[in-house]
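S.K.: Take this sequence and fold it.
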Amino acid sequence: MPERALVTGFTWIDGAVRLKAFRGDPPRLDDRLLDGRVCFRILPGRHCTGRYEGVAVPCPDAAPATRGTTCDACAALDAFRPCMTCDGFRCPRLSPDMLSYCRQRHHLYLACFGDTTIKVGTASHPRRDQRVVEQGPLAAARIAVAPGPTIKQMEHLLVEAGLTETMRRTRKTVLITGSMTEPEARALVLEAAGDAREMLPPRYHRHLHRPELVAQPPLATQSRGLPVNELKVDDDRVVEGQVVGAVGHVLFVEDGDGCFALDLGALKGRWIEWDPTGPRRRPVAQLGLF
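M.R.: Numbering: from 1, shown residues only. So this is what the prediction gives:
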């Protein structure tokens, strides 16, 4: 019987992209390398991906997703959610685990995805490179390190000064085939790093450091010349083929008829069935719709 898994996201480890999912009974969270041949069926519906309680735990009710990719009950109990909406100035009450996470070293990074927009973001110290690579930038650099609340404050102030804290996946995907070169993107990031000191009040200057460029995995760098033909994430779609590249959230798969791009972020909250039996529904790519 084909193995089923509930996708909770994706990550990059050691220069390769992996799909994170709950699988087994009882469910356990692990990740699976997306390399070589892949074959899985996307099952109908979107389901709750669970919550964080010091560790990721599955939804006890196996409920449909009602708030993004979680159910209302899991969203209300998720220990990480208060940190996601915090600006560092008015920190909410946190569990002991989350308080420890919040106060550990965090990093402030700037990223360019292929246009003149510069994104500012934060990453915990253990994930200081991994978090950036998951974003899929053309160039990025870490520019500051401090306890979590201070880094959050710096991020908030830089957004108020004109940088952006969000970049939609659809926009990132379009820019994969943009004309900007990596040296051009790097120059924009370094220029923004210089401007950041002027944007921030003096009390934050001691947390700034010389920009530390974040190296992009060779797989991502080599994949930027591939065609971005969208593979729609439809119910009962079978994704089958050879992985030929990946950038951030985009996985490139060659199926013999051509190369198509799969948005791994769109799989979050979906049950998938690895190596399914039965008839195959051929992928249909839609050109230029990302």
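
S.K.: count of neighbours near the nearest residue to Glu134 once chain neighbours are set aside?
M.R.: Nearest residue to Glu134 in three dimensions, chain neighbours excluded: Trp12, at 5.6 Å (CB to CB, 6 or more residues apart in numbering). Yep, even glycine has a C-beta here, placed from its N, CA and C like the rest. Using other CB atoms under 10 Å, Trp12 is surrounded by 22 other residues.

S.K.: Please give me every residue in contact with Trp12.
M.R.: By CB atoms under 8 Å, 6 or more residues apart in numbering, the residues touching Trp12 are 18, 130, 133-134, 217.

S.K.: And the pLDDT for it?
M.R.: Note on Trp12: pLDDT of 97.

S.K.: what's the answer for Gln216, then?
M.R.: pLDDT, read off for Gln216, is 92.

S.K.: what does Asp87 give?
M.R.: Predicted confidence (pLDDT) for Asp87: 86.

S.K.: what does the lengthiest helix in the chain rub up against?
M.R.: The helix that spans the most residues within the chain, counting by DSSP state H, is helix 182-199. Helix 182-199 has contacts (CB under 8 Å, 6+ apart) with 110-114, 116, 118, 137-141, 143-144, 157-158, 161-163, 205, 208, 211, 213, 216, 221.

S.K.: Filter those down to just the ones in helices.
M.R.: Taking DSSP H, the ones among these that sit in helices are 157-158, 221.

S.K.: Can you give me the distance of Ala16 to Ile42?
M.R.: Ala16 sits 22 Å away from Ile42, taking CB to CB, to the nearest Å as the criterion.

S.K.: Grab the nearest non-local neighbour of Val38.
M.R.: Per CB to CB, 6+ apart, closest to Val38 is Val243, 5.9 Å.

S.K.: now do Met167
M.R.: Per CB to CB, 6+ apart, closest to Met167 is Lys119, 5.0 Å.

S.K.: I'd assumed Glu3 was in contact with Thr277.
M.R.: No: judged on CB atoms under 8 Å, Thr277 makes no contact with Glu3 at a distance of 11.8 Å.

S.K.: Between the two, which is the more surrounded one?
M.R.: Remark: of Thr277 and Glu3, Glu3 carries more neighbours, 13 against 8, as counted by other CB under 10 Å.

S.K.: still on that earlier bit, buried ones among the contacts of helix 182-199?
M.R.: 110-114, 118, 137-141, 143-144, 157-158, 163, 208, 211, 216 (16 or more other CB atoms under 10 Å).

S.K.: ok, now which ones touch His125?
M.R.: Applying CB under 8 Å, 6+ apart, the residues near His125 are 104-107, 145.

S.K.: same thing with Pro2?
M.R.: 41, 273-277.

S.K.: With secondary structure, distance to Val55 and pLDDT as added columns, please give those residues in a markdown table.
M.R.: Output for the contacts of Pro2, formatted as a markdown table (DSSP: H, G, I helix; E, B strand; the rest coil; distance: CB to CB, whole Å; pLDDT from 0 to 100):
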| residue | secondary structure | distance to Val55 | pLDDT |
| --- | --- | --- | --- |
| Arg41 | strand | 29 | 96 |
| Glu273 | strand | 26 | 96 |
| Trp274 | strand | 24 | 96 |
| Asp275 | coil | 28 | 92 |
| Pro276 | coil | 30 | 91 |
| Thr277 | coil | 33 | 82 |
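
S.K.: so can I have CSV of those residues showing distance to Leu200?
M.R.: CSV is the format used below for the contacts of Pro2 (distance: CB to CB, whole Å):
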residue, distance to Leu200
Arg41, 49
Glu273, 49
Trp274, 48
Asp275, 52
Pro276, 52
Thr277, 58
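
S.K.: Good, wrapping up.
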